[in-house]
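# below: sequence and its predicted model.
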Amino acid sequence: MVMMRRRKGSEAKKPQNSEPQSGENKEKKGNGSDETKSLNFDVNLNLNLNSTAAEKSRKKWSCVDSCCWFIGCICSMWWFLLFLYNAMPASFPQYVTEAITGPLPDPPGVKLAKEGLTAKHPVIFVPGIVTGGLELWEGHACAEGLFRKRLWGGTFGEVYKRPLCWVEHMSLDNETGLDPPGIKIRPVSGLVAADYFAPGYFVWAVLIANLARIGYEDKNMYMAAYDWRISFQHTEVRDQTLSRIKSNIELMVATSSGKKVVVVPHSMGVLYFLHFMKWVEAPAPMGGGGGPNWCADHIKAVMNIGGPFLGVPKAVSGLFSAEAKDIAIARAIAPGVLDMDVFGFQTMQHVMRMTRTWDSTMSMIPKGGDTIWGGLDWSPEEGHECSSKKKNSNGHTAGHNRTKDLATALRVKYGRIVSFGKDVADLHSTEIDRVDFRGAIKGNNLANKTCRDVWTEYHDMGIGGVKAIADYKVYTADSILDMLHFVAPKMMKRGGAHFSYGIADDLDDKKYDHYKYWSNPLETKLPNAPEMEIFSMYGVGIPTERAYVYKFSPEAECLIPFQIDTSAEGGDEGPCLKGGVYSVDGDETVPVLSAGYMCAKGWREKTRFNPSGIRTFIREYSHAPPATLLEGRGTQSGAHVDIMGNFALIEDVIRVAAGATGEEIGGDQVYSDIFKWSERIKLKL
């Protein structure tokens with residue numbers, strides 16, 4: 001009977017249109033019809049349930065699942081390739097590259113060692129913002145087990161494991177700009193502080209390795225690491241960093257038979273060392289008490305790499321909306337992803353709240369106002385052509401980004417650093433209907449209770465205050481300061497105590513003895529050191545952020561109300577505008593105007609900013625991307641950080657460290673229009 005039931009159950013699965021059963025089968029079916037019907041019902045029910053469950057499981061698959069699988073695949077492939085890279089012989093990448101492109105040139109250190117160059121002057125490295133490692137010395141309960149572990153730099157593992165805890169510890173006190181209660185984050189010391197930013201991503205490592213080729217070692221190289229989050233003067237108040245730099249320079253000069261040091265600052269480190277040169281000569285307690293001849297006695301040359309001497313527009317977009325071009329593009333590709341509340345972590349709001357406590361970022365707000373950066377209807381770079389051209393063989397005055405004749409050029413109004421709407425960016429100033437925001441009344445709280453915990457100073461403004469910013473339409477370097485005071489009063493109150501952005505009328509005025517002016521080259525004098533040399537070394541040939549088209553989003557209660565309008569495009573007639581960002585020549589972060597003006601004109605020969613006539617040189621490096629993937633980030637890169645691996649720049653640094661002067665390495669090397677643009681700036685010198 002059991003076998004008969006199984007057979008009948010199997011037969012029950014036959015389709016209804018099959019051939020009729022024989023009489024014998026019909027008779028057997030009649031004997032067990034009830035049991036067969038029950039079995040058929042159970043089978044069909046199970047099939048239906050399985051089918052329904054499968055459909056439900058398919059329906060549950062979402063975009064989040066797809067993203068997780070995609071990220072997982074990418075990470076798995078990355079780790080697998082990283083494993084293969086670490087497992088292969090060290091010479092294999094070079095072998096493959098040489099097989100494709102031919103023999104590679106010797107690294108600068110090897111080349112110059114063959115020429116007989118040896119270590120002579122001690123070298124001081126001054127890292128810039130974000131590139132130096134920071135480690136935990138004291139923290140809250142959520143940071144248990146992280147004592148002396150890097151919270152910045154390295155693998156960034158803690159960002160993924162406990163993001164809110166990480167943000168809490170990386171933020172500074174919003175009132176003092178120093179450590180919050182119960183938290184101590186301190187800079188990593190030694191050359192390892194900034195040789196690599198993350199595994200495989202070099203910063204100073206390539207330069208250090210090449211200097212070692214001609215005999216440099218730890219005793220005559222020093223990394224002037226500091227907490228790049230806090231204001232420059234606070235690094236001395238809290239950590240005595242400026243005093244440590246002074247002592248180490250004095251020690252290195254004393255132990256190298258009196259040979260002066262060569263200082264190599266990068267990025268914001270350029271401003272930090274400018275501050276140091278005033279601090280070290282100023283009397284105590286505000287200064288280091290070294291006296292008026294300290295720099296002349298201890299410094300041979302300052303070789304500034306990618307220096308934002310006059311600030312960067314990128315700092316404005318960062319403080320205003322926690323954005324830059326890359327973030328804006330990411331938002332355009334995946335709208336809402338950076339703003340959504342994922343596991344209680346609203347990314348952009350937390351980023352803004354954290355970075356607005358970093359007072360150092362305010363050192364890079366554009367300096368010199370409209371006199372330097374241009375007004376509503378003019379700018380020094382007016383007529384800049386964004387399409388690339390080949391440089392001339394002489395490599396000096398003919399660049400790839402030339403300035404068109406102003407009569408025929410499309411006049412991009414770079415002086416309008418922030419414009420609300422593409423039409424506002426293009427109109428003549430007389431056609432723009434502006435409503436002054438300064439008298440606007442704040443209130444009618446924008447943020448509700450669910451988003452106040454991750455909100456910023458915008459939640460105090462209310463819809464009326466926020467709308468007033470958009471109604472002002474367009475901001476130049478002068479009005480940007482007022483705008484930032486309006487949208488972030490706490491931040492700017494702290495910043496105003498440590499940094500200044502104007503142009504000095506009388507540098508002999510006693511007020512300029514205060515440290516807030518020391519990092520602004522337009523409000524301070526260079527040291528009395530006529531034998532010292534100053535270099536401005538930076539990349540050119542890369543579109544660099546100069547001005548922004550913004551949009552206003554009043555409906556987004558918990559979001560940052562201002563965003564770069566990535567839909568604003570210039571098209572073929574306006575290639576300088578892409579994704580809401582106007583670009584100009586530079587190193588992708590610092591425009592040529594900021595990196596080059598002081599050495600091209602402001603400090604050239606004897607001026608009121610350079611009374612002792614310190615010699616200045618401009619060394620530009622035309623950007624060339626890597627030829628193959630095996631070349632890594634390239635040996636001819638002009639990008640803001642990648643330039644640290646540029647062979648030509650490294651060779652210049654080594655030659656000066658080995659005793660050469662600026663004239664002996666070739667004097668000025670210019671590919672951009674920096675001299676032409678500098679002449680358009682009407683500044684009393």
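Noted; the coordinates are in hand. Just so you know, these numbers come straight off a predicted model, no measurement behind them.
# can you show me the strands along the stretch 101-250 of the chain?
123-126, 134-138, 150-152, 184-187, 196-198, 201-202, 221-223 (DSSP state E, counting those that start in this stretch).
# now those strands as JSON lines including mean neighbour count, distance to D585 and mean pLDDT?
To be clear about C-beta, it is placed using only N, CA and C from the backbone, and glycine gets the same treatment. Formatted as JSON lines, the strands of the stretch 101-250 of the chain follow (neighbours: other C-beta atoms under 10 Å; distance: least, C-beta to C-beta, whole Å; pLDDT from 0 to 100):
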{"stretch": "strand 123-126", "mean neighbour count": "24", "distance to D585": "25", "mean pLDDT": "98"}
{"stretch": "strand 134-138", "mean neighbour count": "17", "distance to D585": "33", "mean pLDDT": "95"}
{"stretch": "strand 150-152", "mean neighbour count": "21", "distance to D585": "31", "mean pLDDT": "92"}
{"stretch": "strand 184-187", "mean neighbour count": "19", "distance to D585": "33", "mean pLDDT": "97"}
{"stretch": "strand 196-198", "mean neighbour count": "17", "distance to D585": "26", "mean pLDDT": "90"}
{"stretch": "strand 201-202", "mean neighbour count": "16", "distance to D585": "25", "mean pLDDT": "90"}
{"stretch": "strand 221-223", "mean neighbour count": "22", "distance to D585": "31", "mean pLDDT": "97"}
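# let me have the ones you listed in JSON lines, adding distance to A87 as columns.
Output for these, formatted as JSON lines (distance: least, C-beta to C-beta, whole Å):
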{"stretch": "strand 123-126", "distance to A87": "32"}
{"stretch": "strand 134-138", "distance to A87": "30"}
{"stretch": "strand 150-152", "distance to A87": "26"}
{"stretch": "strand 184-187", "distance to A87": "34"}
{"stretch": "strand 196-198", "distance to A87": "20"}
{"stretch": "strand 201-202", "distance to A87": "20"}
{"stretch": "strand 221-223", "distance to A87": "31"}
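# looking at these, which is nearest to E545?
Ranking those by their distance to E545 (criterion: C-beta to C-beta) puts strand 196-198 first, at 20.8 Å.
# backbone dihedrals for V584, please?
Dihedral angles of V584 (phi, psi; degrees, to the nearest 10) stand at phi -140, psi 180.
# helix, strand, or coil at the residue nearest to it when sequence neighbours are not counted?
Among residues not flanking V584 along the chain, R546 sits closest, at 4.2 Å (C-beta to C-beta, 6 or more residues apart in numbering). Look at R546: counting by DSSP: H, G, I helix; E, B strand; the rest coil, its state is strand.
# ok, now which ones touch R546?
313, 381, 414, 417, 581-584, 586, 591 (C-beta atoms under 8 Å, 6 or more residues apart in numbering).
# state the pLDDT value of it.
What the model reports for R546 is a pLDDT of 96.
# repeat that for G307.
For G307, the pLDDT comes out at 97.
# residues touching it, list them.
Counting by C-beta under 8 Å, 6+ apart, the residues that G307 touches are 265, 267, 270-271, 536, 538, 590, 594-595.
# and M492, what element?
helix 489-496 (DSSP states H and E).
# and that helix, what's buried?
Going by neighbour count (16 or more other C-beta atoms under 10 Å), the buried part of helix 489-496 is 491-492, 494-495.
# and what of stretch 497-514?
So, applying 16+ other C-beta under 10 Å, buried residues of stretch 497-514: 497-501, 503-504, 512.
# farthest-apart pair in these, please.
Going by C-beta to C-beta, the pair spanning these furthest: A497 and I503, at 19.7 Å.
# which residues does the host helix or strand of D585 contact?
According to DSSP H and E, D585 maps onto strand 581-586. For strand 581-586, contacts defined as C-beta under 8 Å, 6+ apart pick out 325, 328, 381, 384, 386, 399, 401, 412, 414, 425, 538-549, 564, 576-577, 591-595, 672-673.
# sitting in helices, which of those residues do you find?
325, 328, 425, 592-595 (DSSP state H).
# pLDDT check: weakest of those residues?
Out of these, that is A328, at 59.
# who wins for neighbours among the contacts of G307?
Among the contacts of G307, A595 has the most neighbours (other C-beta atoms under 10 Å), with 33 neighbours.
# hang on, the earlier thing: could you single out the nearest of the contacts of G307 to Q233?
L271 (12.3 Å).
# now do the closest one, the pLDDT please.
At L271, the model reports a pLDDT of 98.
# right, and it touches S519 too?
Yes: at 4.4 Å, L271 counts as touching S519 under the criterion of C-beta atoms under 8 Å.
# now for the two: what residues contact both?
By C-beta under 8 Å, 6+ apart, the residues touching both L271 and S519 are 232, 363.
# burial check on W204, number of neighbours?
25.
# for it, report the pLDDT, please.
Note on W204: pLDDT of 96.
# show me what contacts it?
Applying C-beta under 8 Å, 6+ apart, the residues contacting W204 are 125, 127, 191, 194-195, 223, 266, 644.
# try it again at 10 Å.
Applying C-beta atoms under 10 Å, 6 or more residues apart in numbering to W204 gives the contacts 125, 127, 131-132, 191-197, 211, 221, 223, 264, 266, 644-645.
# assumed K300 was part of a strand.
Yes: applying three-state DSSP, one finds K300 inside a strand.
# now do the closest residue to it other than its chain neighbours against L207, distance only.
Leaving aside its sequence neighbours, K300 sits nearest to K260 (C-beta to C-beta, 6+ apart; 3.9 Å). Counting by C-beta to C-beta, to the nearest Å, the separation of K260 from L207 is 19 Å.
# host element of the residue nearest to D460 when sequence neighbours are not counted?
Of all residues not flanking D460 in the chain, K442 sits nearest, at 6.3 Å (C-beta to C-beta, 6+ apart). Under DSSP H and E, no helix or strand contains K442.
# residues near K442, how many?
Other residues close to K442 by other C-beta under 10 Å number 15.
# by mean pLDDT, which helix or strand of the chain comes out lowest?
helix 2-11 (a mean of 43; mean pLDDT, DSSP states H and E).
# partners of S419 in the sheet?
V474, V549 (DSSP bridges).
# how about it, what does it touch?
376, 413, 425-427, 432, 473-475, 547-550, 565, 568, 580, 582.
# ok, now how distant is it from S66?
38 Å.
# now swap in T544 and tell me
Distance, T544 to S66, using C-beta to C-beta: 36 Å.
# between the two, which one's more packed in?
Neighbour count, other C-beta under 10 Å: between T544 and S66, T544 has more, with 27 against 10.
# per-residue confidence at the closest residue to that one other than its chain neighbours?
In space, and not counting its chain neighbours, T544 is closest to G586: 2.9 Å by C-beta to C-beta, 6+ apart. On the pLDDT scale, G586 is placed at 97.
# one step back: who has more neighbours out of K260 and L207?
Applying other C-beta under 10 Å to K260 and L207 shows that L207 carries more neighbours, namely 26 against 22.
# nearest to E158, of the contacts of G307?
For the contacts of G307, the residue nearest E158 by C-beta to C-beta is S267; the value is 24.5 Å.
# you'd agree that closest one is up against V130?
Yes: counting by C-beta atoms under 10 Å, V130 is a contact partner of S267 at 8.6 Å.
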